[in-house]
Structure formats: C-alpha cells, structure tokens
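**Student:** Got a predicted model here, sequence first, then my questions.
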Amino acid sequence: MRIHELEVDQFGVWKEVTLPFHDRGVTVLYGPNEAGKSTLMRFIRGVLYGFQPSDEVDASRRRERVVCSGALKVSHQGKSYRIRRVSEKGTRGALEINGQRREQTDPLMQSLLGDASESLFKDVFAIGLNELQQLATLSGDEVAEQIYGLSLGREGEQIVRAQNAFAKNERFLIDPESRKGEIHSLIQQLAEIDRELERVGQPAQRHTRLLDQTTKHDATVSELKKRQKNLQQDLRGYQFLNQAWEPWAKHRAIQLELKQLPVTKVDADILNRYDELELELSEVDAQRKQLIDEAKRLQKQAEEIKLRPELEEETCAIQNLHEQTREMQLLEQQLQSGSPVADPREQEVQRLLGNLGGHWSLKRLEETDLSPVKLHSLLEQGDRYRRANRARTKAAKKYKRMSAALKLHEQAENSQRRGLGTLSVEETRQDLSDKIDQLEDLRGLRIRKEHIKKTLELFPETREAEAEVVEQELPPFFYNVLWFFAISGAILFLFGSYRAVSGLFSGGGYLATLGACYSLLGLGALGTCWTMKQYFSQQKIQVAGNDVDREKMSRELSRVESQIQKIRSRNLLRTQRTAPQTLIAEQDDSELIDEALADLRKQLHSLQSVNDDSGRIDKLRRQMSRMRNSLQDYQKRVSQSRREWTESLRTLGLIETLKVSEAVAQCQQIADAKHVLHEWSRSHQSREQQRKVLDTFLEKVQQLSNKLEGRGIAVRDPYQLLAEWHRELQLLGERRRERQQLRSTAKEKRRDAARIADRVERMREQRSLLLSQMGVADRGEIAAKLAAIDERKTLEAKLREAEKNLDKITSQEPELVITEEMLIEYDEASNKKIVSEIRDELQEIDEALQNEYQTLGKLKQELHAIEEDRSVASLRFDREQVADELRKASESLFANRVADRVVEQLQSKIEQDRQPQTLQTASEYLSQLTCDKYQKVWTPLGEKALFVDDDVKQSLRVEQLSSGTREQVFLSLRLAMIKDFASRGVELPLILDDVTVNFDQIRTEAAVETLLNVADDGQQIMLFTCHLHLAHLFENDGIEPVWLPNHRPEMTV
C-alpha cells in the first residue's frame, strides 16, 4: 500500500489541510516544535486503525469532545483507494473506502494493511524517538518472532532442552548455593553413620532391672485406666444435662409466648390488591404533581418574555417611515448639495407597464397597494402553500417506499415459507437440529472406528508373544558426539600401536607400556561409540498376544460399523457430485460431513430470518395505516393553503397562479414600476415641496420618538432610529409567538393534571373500600396485624427448631435418661463446676498415662535392643551402600559436566552460523549507519537478548551501548523487519518522527544515505523532523522537503 495524499478535515491542530506524499522514495516534512508533526503521524495511524479516545478531546481546558475526520489516498496492487474515517461516539470511528461504509475487519481493509496488527504498525512502521529508545516495544509476539527467532528449529530446541536437562541434573546432584543435592545428602548420611558406629556399645547387665520396672509400670497403668473410665461416664451425664437444658428451656419459653399471642387473620388477595392500588396511586399522584410543576415552569417562562405593546401599536407607521428611509436620505443629500432633481422617467414607466400587460394603467398602478405588510402577508401565504405541498410530496414518497419494502418482505417471506413445504418453522428447526446431532454422532463414530482399527493392528496375528525392533531417529548433535569418540579412539589406537611397536624394537619398555595404554584407551573409545550407536538407535517393543482383548475390540468395531451404516441409511450426506453412493461410502467422507453440517447450520440460521420478516411486515403495515391517515391530513392542508393563496392574489389584483415564484416576480415588476413612477412624479415637484416632504418625514419620526422613547429626547439620527425600531418589531413577533406557545403548553399541562386528579380521587375511594373490607382504619393497623401473623409464624418455626434440636441431642446419648424434674432443678453454675473438676482430674490422669506409656516404651525398646542387637553389622553395611552411591553420583556429575561443555560448543557454533534472517539484514544496515564501527547484531540461543559485535569482534549487550548507538541498532532492526514483511506482502509506509536527533553529523549523513537506499528498494518513507540541517541534507540529495506551518501560538512579552 502506498500513500499518495493526506487530507485532514479536523485532527488536533490541523484543519482543512491537504499534503501530498511521494509514493516512491522519501518524503521529508519539516516543521518547528509544536507544528503538528507527531499529530500527523497519529492521524495516519488513526485513519488506518481507528482514532483513540484522547484524539477526540479538545486540548483546551474545557476538554470538550471534537469530531476527528480525514482521508488518505492510497494505491494497492495497481488500484487506487480513498480511505476515510470520521469519529463516531462509542467506536473508533466510522470507516469508508471509496465512499462505502466498511468495518475494520473487512477483507479489503485487511488486504490494504497486509493483515498487520495495530501494535505491529505502532512498534515497527510508525515510530518516534520514545518508541525507538525503548527495548520493550520489540517484545511483542510478532516482533519477537522476527528478531529473536523464537522458532529455534529442531537442532536449536534439542540443544536448549539438553542444556536445561544438564543444568537440572547438576542441581539435583549438587547445589553449591543452597548446599543441597544428592551428593550433599549422601555425605551427611555417611557422617551420621560414622557417628552412630562410635556411639553403639554392648550393654548386658540391665535386662533384669528393666523387666522389674516394666511390671511395676503396667500395674500403675491398669489402675489409672479404671479410674479414667468411671470419670468419663460421669462427665457424659453432666455434659448431656448441660446440652439438653438450654434447648428445653427455649422450647418451654416459646410455648408460653404462643399461648399469649392472639389469633389474627388477613385476606391475602385483598392485601395484594391494596398494595397494588397504593403503588399505582403513588405513581399517578407523582405524575399529577409533575404536570403541575411543568405548567408552572412554562407559565413562568412565558411571563419572563417581555413585550412592548406601545411599539406594536405603531407598527404601520414605523413600516411606512422605514420604507421611505432610503428615499428621504437621497432627498436630504440633494437638498444639502443643491443639485437638481433627477430627470423624468416617463418612457421607463411606459415600458414597465407594457411588460406587465395591456390591462395595467398608471391609475391602477398608483392604486395598487404593495406595502411591506401586504407583501409580507402574501409571502407568508405562499410559504405555507409551498410547505404544505412539500410535506404532502414527502409523505407520499415515504408511503411508496414503505409499500415497496412491504412487498419485498412479503415476497421474501412467501418464498422462504414455500421452501419449508408442509412443515411449520418450529418443526423444520427441530428436524434440522436432529440431523446436525446425527451427523456429529457419525463423525465421532468414524473417529472411534479408526481408533479401533489401529488398536487391532497392534495385536499380533499369532498367539505367541512377538518382539519388534524399531529404528529410532537420533538427533544430529548425537552423531557429532559419536564421531568425536570414534575419531579420538582411532587416533589413540594408531598412536598407541605405533609407540608400542617402536618401543619393543628400540628396547624401551616404558614406551611399549605407554603405547599399549594408548591402544587400550583407543579401543575403549571405539567400543563406547559402537555400543552407544547400537543401544540408542534400536528399540525392542514386546507385544503379547491377547485373544480376549482382540475379540472384544472386534465386537466393538462391528457395533460401531452398524451404527455408522444406520446413520448413513438416512441419506444425510446428500452431495451434488455424480459419483454413486457406494463409492461415496467407501471413501473418506469427512469432507462430505463438514459440507452437510455447514449446509444444515446455514438452513437453521435462515429460519430465524422468517420470524424476523413476519415482525417487520406487521410493523410496516401498522406504519402504512398511520401514514394513510397522515396523507389525508396533508391533502386537506394543501387545499386550504391553495384557497388562501389565490384569495391573497385576487386581493392585491394580481394574476392568479399556483406558482409562488411567478407571483413574486410579478410583484417585483409592479414594485419596480411604482418606484420609477414615483421617481418620475417626484421630478415634477419643486424644491419647496421636497423640503416640505422631508420636514414632514422628520416630524413624524420626532412624534414617534416622543411617544415611544419619551418627551424631551432629541432625535440625532432618525434613519438609524427607524432601523432599530424595525429590527425590534421583527424580534417582537417571534417573542409573541414563543410566549403564546408556552402559554398553550402550560394550559394543556393543567388540563392533564385535572384529569389525573379525578383519577386520584377515585383510587383513594377504592383504597378506603379495601381498608373497610379488611376491618382496619389505616395502613398502621394492617402493619400491626401482619406483624402479629409474622411473629406467630416465627415462634412456630422456632418451636419446631427447638423440638428438632432436643430430638437431635437425645439421639446422641440413647443410653442416658433425663427427667423433667432434673431439668427444672438444674443449676448451671454448680454443673459447670462439677464438669470442670472432672475434666481437671481426667487431664491429670491422661498426663500420668502418657508419662507411664513413654516410660514403658523406652523400657521395652531397651529390652528389645538388648535382645536383638545387630546394629553394628547393619551400620557397616549401610555405610558401604552410601559410599557406593556417593561414588556413582560423583561419576554422574563429572559426565554431566563433560557433556554440558560439548553442548556449549555446539550452541556457540549455531549462534555464529544460524542467526535469524532479520538480524542478518539488520547487521548490514547497522554497518552502514555506524560507518562499519559495529558490524553484527546477534541473539543467544533461546534468550530474548541482543548483542552487538564491534570492529574488533568484541561482543557488547545493547544496554551497554550509548543512547545514539542503541537507537541506531533499533532503527536497523526495524528496517530489517520492514524488509522481511515486504517480502511477505505487508507493504506499509515507514513513518519516522525525529529518530536521528541523537546522531552525530557523520552518522546522520550515513542514516540519510541508508534511508535513501531503502527507499530505492521500493519502500515508502515519511520523515518528520524539526531540525533544519537534516532537511537540508535530504534537499542536497534531491529530496524537496514539505515545509509545515507553525501552529505554536506566539507569546506576548
């Protein structure tokens, strides 16, 4: 997608602005600070992806919402488009493409954007200095996939898993930081065993003494147990009495309260009707009060409108004098200058009379009254006639549109119902749902069938167990390890053989021995290589025969196939293909099932539109009925306004016509003729008569001023005073109409309130009747009765609960019996005291028993230890076991570290040779931007980190670079990502906002050259800057900048 032109209707500081862009190459836009460069970048992003809420807020203190709108003229795949977006409340703006309303997810819009998300566009294609400086903007899923190469490939994933496994294994064996692990544990066990060996001796004289002590303690335990049993029995009785007394007392108190409560009943139906009537009465009364308040408010507004009746009484005089204003001003100027009166215009008058028709004469022209009042009345009649005609025409067109829409909906409904046949909509919907369920079952049965078949294939055909050898694929790095052992073993074997032979012939015995050792070591390496290859490359799988399971699976397969055939026999998989049904059944019908399911769901969805169409048809019919009544009213208004219009024309003596424009043109011609006639007549008057006319005019103005403004006020400018009176008369008419409208509305509100008041009075009478039926006087007595009923229900529920608790307590101790006399004589304080004493004694007995048990346990252990003392041999055996495990763990730790070093070498090689393509391209751009100071950008395997190699091959983390160099690295990465996205069809413009502000002069020139090279490859670039030297650099290379205006307000010093 290429942007050719930017049109801003309203966005931020920009209004009604059009800016062209180069579709190929670089477009540089220069402007000072606060010129709106960043606003343009946000505008482009807003048109493509939608406006943000902050874009639609005014920057002033009022924070009012503004409507953002604008368009972009773009081209894509050889076609031109105009993308326009306008703010719409609750959304990110209404999108239009070539004048048609579209959604953001529309395929055309996604094709223009190349399916690029908004976050990708913001992080890669449209960036400012803040986004360039932040590494966090490169951590998104799409961006991280490009930069860090999160898909490591098969070898990379195996290396990462191997490293993790080695690290986990080493932490399991030994963890120096926490001093934990298997090796530490074994060392501690070995030390404990050594200490135990030192402690164990051979005692033999304590056996008789220990037996006597054991007999004595056994007798003490028997006595304590007997006493404990008696005390526990007593404790149960006292506790049971304590538990039962409180529920019994509560039950007894509730019974007494129930006996004291009166029996009260209330009719539930009457009470419900009373509540409904009370609620309705409150709502209606609130409505009446609201209408009264509104009427008072409207009446107050009408009284606040001030009028001038004395001015309205002189309306005709003011109108006549105002019409003569221009004439009197000219006459006054002529009298003051002493110039002669204008020449007669007799020929002009005759010509105008001829244009009006032969029936017009000077006398009729003079008698015709075209005063402003008459003209105003005529124009009002014409305007009412035209408005009535337009209203009738508009209503008729709307009725025709509704009739056409009704016809279309009826045709659609009839066609859909014909497709259903004799079934109803609900029956058809149920039938489609059943078919969908059967097809879903068919799909599940097919999967079950394939699973059973694959399971049967695993059973051997013979009854004897078989062993299958399966070749296992090994990872590539494993072969590198094998080659390492094989080559090392061969070299050691050859070198050792050579040294052994040379030592034997030269008489050097130590050389022969050394050579033999090397030979044996080489043979060991070769043997290890062969053994690892045979062990890891093959795997035996033992399969045991099981005729019972095979028969069970066969029966299950037959059952599933019968169910599949039963569903297929219903002809649910109907297809338009010409293949026979038998061939369709033999092949994989997954695609047919999916097609049939999609077709059935589509039919099910279409049934919903039948009900929707029926509702719309009924609604249209009701609207058309109301519209027909409205058309009759409109026709009556047209006839009435036509009669009034023709009557006004006859009153003025004009030719009757139904066209208002013709009547107005005729009035204009008559007015022109009267004006010329008046000029011609006035030319025959003397200057004294003209002076007299002027004085008469000024005297009338002075009289009106004395009457309206008060006596003693001199009129300085009569013409201005007449103009002010004329304007005030126009405003008074509008105020009077508004006042009349407010009074009429207030009167209507009062009438509505009076009608509602009658309804309120009737409802109050009904409420009194319901109260008398319930036998109460007011709402308070009802509440008292209801409270008594609720109290009785509550007490009855509590009584049942108390009885339930008593039954529960007595069921816990069926062996104990408590009489009512015992409960009546119960004393809680004395009972608690007895229970506490028993518990204290039981606790003492329990502690004594524990001490005796511990003593007996120790004595018996010592006796058992003396009788069976084999601990020394056992400890020595355990020590050898622990020592052997420690030796094996140490060997495993050493092997784990050797393998980890080998994997680290493989990782280093992969990191050097297999970096993501994006980082390789970014390295080329970085070399250009830094003038070969930094030549490579790379990332460690399996990490989200970036390193940069300088010209001396020193690797530095991005965080260690200066801010300017770090920004050059991030710019290189974005240029590389844009190139990669372009190769995949994502062609979006690159928008940069002052990203070179921290570059020095040399690297700024290098950045300009790099951007020009990128643009030459076909990438569209837009660069916003407030630095004049950068704009001149592009200007020197033939790129004419676009000079933006300054929107920053000037400050007053």
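**Tutor:** Good, I have the coordinates. Numbers count the residues shown, from 1 in each chain.

**Student:** I believe residue 3 is in a helix; please confirm or correct that.
**Tutor:** No - counting by DSSP: H, G, I helix; E, B strand; the rest coil, residue 3 is not part of a helix but strand.

**Student:** Next one: it from residue 1024, what distance?
**Tutor:** Residue 3 sits 14 Å away from residue 1024, going by CB to CB, to the nearest Å. All C-beta spots, glycine's among them, are computed from the backbone N, C-alpha and C.

**Student:** Over to residue 690?
**Tutor:** 72 Å.

**Student:** of the two, who's got more company?
**Tutor:** residue 1024 (24 against 17; other CB atoms under 10 Å).

**Student:** Surely that one is within a strand?
**Tutor:** Yes - the assignment for residue 1024 by three-state DSSP puts it in a strand.

**Student:** Not counting sequence-adjacent ones, nearest residue to it?
**Tutor:** residue 37 (3.8 Å; CB to CB, 6 or more residues apart in numbering).

**Student:** Do you know the pLDDT at that neighbour?
**Tutor:** Looking at residue 37, its pLDDT reads 79.

**Student:** so what's it up against?
**Tutor:** 29, 31, 993-994, 1024-1026, 1044 (CB atoms under 8 Å, 6 or more residues apart in numbering).

**Student:** Distance to residue 20 and pLDDT added to the residues you listed, as CSV?
**Tutor:** Output for the contacts of residue 37, formatted as CSV (distance: CB to CB, whole Å; pLDDT from 0 to 100):
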residue, distance to residue 20, pLDDT
29, 11, 86
31, 16, 85
993, 19, 84
994, 21, 82
1024, 15, 86
1025, 18, 89
1026, 21, 87
1044, 13, 83
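
**Student:** how about the residues you listed in a markdown table, adding distance to residue 1004?
**Tutor:** Putting these into a markdown table (distance: CB to CB, whole Å) gives the following:
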| residue | distance to residue 1004 |
| --- | --- |
| 29 | 17 |
| 31 | 18 |
| 993 | 15 |
| 994 | 12 |
| 1024 | 15 |
| 1025 | 11 |
| 1026 | 14 |
| 1044 | 20 |
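
**Student:** Which one of those is nearest to residue 164?
**Tutor:** residue 993 (42.2 Å; CB to CB).

**Student:** is the closest one in a bridge, and if so with what?
**Tutor:** Bridge pairing for residue 993 (DSSP bridges) gives the partners residue 128, residue 1024.

**Student:** can you list the domains in this protein?
**Tutor:** 159-202+873-907, 207-260+798-866, 264-341+686-775 (automatic domain parsing).

**Student:** Redo the ones you listed as CSV? Include distance to residue 494.
**Tutor:** Below are the domains of the chain laid out as CSV (distance: least, CB to CB, whole Å):
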stretch, distance to residue 494
domain 159-202+873-907, 23
domain 207-260+798-866, 64
domain 264-341+686-775, 109
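
**Student:** how about the ones you listed, which one is nearest residue 526?
**Tutor:** Going by CB to CB, the one of the domains of the chain nearest residue 526 is domain 159-202+873-907, 18.2 Å.

**Student:** Who are the packing partners of the helix or strand residue 864 falls within?
**Tutor:** Using DSSP states H and E, residue 864 sits within helix 828-867. Applying 3 or more CB pairs under 8 Å, 6 or more residues apart in numbering; DSSP states H and E, we find helix 828-867 packed against helix 207-260.

**Student:** I'd like to know how many residues surround residue 127.
**Tutor:** Residue 127 has 23 nearby residues by other CB under 10 Å.

**Student:** How about the one 5 residues further on?
**Tutor:** Residue 132: 23 surrounding residues under other CB under 10 Å.

**Student:** now residue 444
**Tutor:** Neighbours of residue 444 (other CB under 10 Å): 12.

**Student:** quick one: it from residue 557, how far?
**Tutor:** 15 Å.

**Student:** Next: residue 666.
**Tutor:** In terms of CB to CB, residue 666 sits 101 Å off from residue 557.

**Student:** who touches the residue lying closest to residue 693 once chain neighbours are set aside in this structure?
**Tutor:** Leaving aside its chain neighbours, residue 693 sits nearest to residue 331 (7.0 Å; criterion: CB to CB, 6+ apart). By CB under 8 Å, 6+ apart, the residues touching residue 331 are 690, 693-694.

**Student:** wait, residue 315 sits on residue 728?
**Tutor:** No - the criterion here is CB atoms under 8 Å, and residue 315 misses it with residue 728 at 10.6 Å.

**Student:** Can you list the low-confidence ranges for the stretch 651-800 of the chain?
**Tutor:** 652-653, 655-658, 674, 677-688, 710-716, 774-786 (pLDDT under 70).

**Student:** Could you say which helix or strand holds residue 70?
**Tutor:** Per DSSP H and E: strand 69-76 holds residue 70.

**Student:** Give the buried residues for that strand.
**Tutor:** Going by neighbour count (16 or more other CB atoms under 10 Å), the buried part of strand 69-76 is 69-74.

**Student:** Tell me the strands beside it, with direction?
**Tutor:** When DSSP bridges is applied, strand 69-76 pairs with strand 2-11 (antiparallel), strand 79-86 (antiparallel).

**Student:** looking at the ones you listed, which is buried most?
**Tutor:** Highest mean neighbour count among those (mean count of other CB atoms under 10 Å): strand 2-11, with a mean of 19.

**Student:** Can you check what angle separates the next helix or strand along the chain from it from strand 69-76?
**Tutor:** Per DSSP H and E, the first helix or strand lying C-terminal to strand 2-11 is strand 14-20. Relative orientation of strand 14-20 versus strand 69-76 (axes from the mean of the first three to the mean of the last three CA atoms, to 10 degrees): 20 degrees.

**Student:** Parallel or antiparallel, which strands does strand 14-20 pair with?
**Tutor:** Strand 14-20 has these strand partners (DSSP bridges): strand 2-11 (antiparallel).

**Student:** At which residues are the helices of the stretch 451-600 of the chain located?
**Tutor:** Here the stretch 451-600 of the chain has its helices, by DSSP state H, counting those that start in this stretch, at 476-506, 509-537, 547-568, 581-586, 590-652.

**Student:** Out of the ones you listed, point me to the one whose mean pLDDT is lowest.
**Tutor:** What stands lowest among the helices of the stretch 451-600 of the chain, in mean pLDDT terms, is helix 581-586, with a mean of 43.

**Student:** Can you give me the buried ones in stretch 382-396?
**Tutor:** Quick answer for stretch 382-396 (16+ other CB under 10 Å): 382, 384-385, 388-389, 392, 395.

**Student:** same check, this time on stretch 435-449
**Tutor:** 435-436, 439, 442, 445-446, 448-449.
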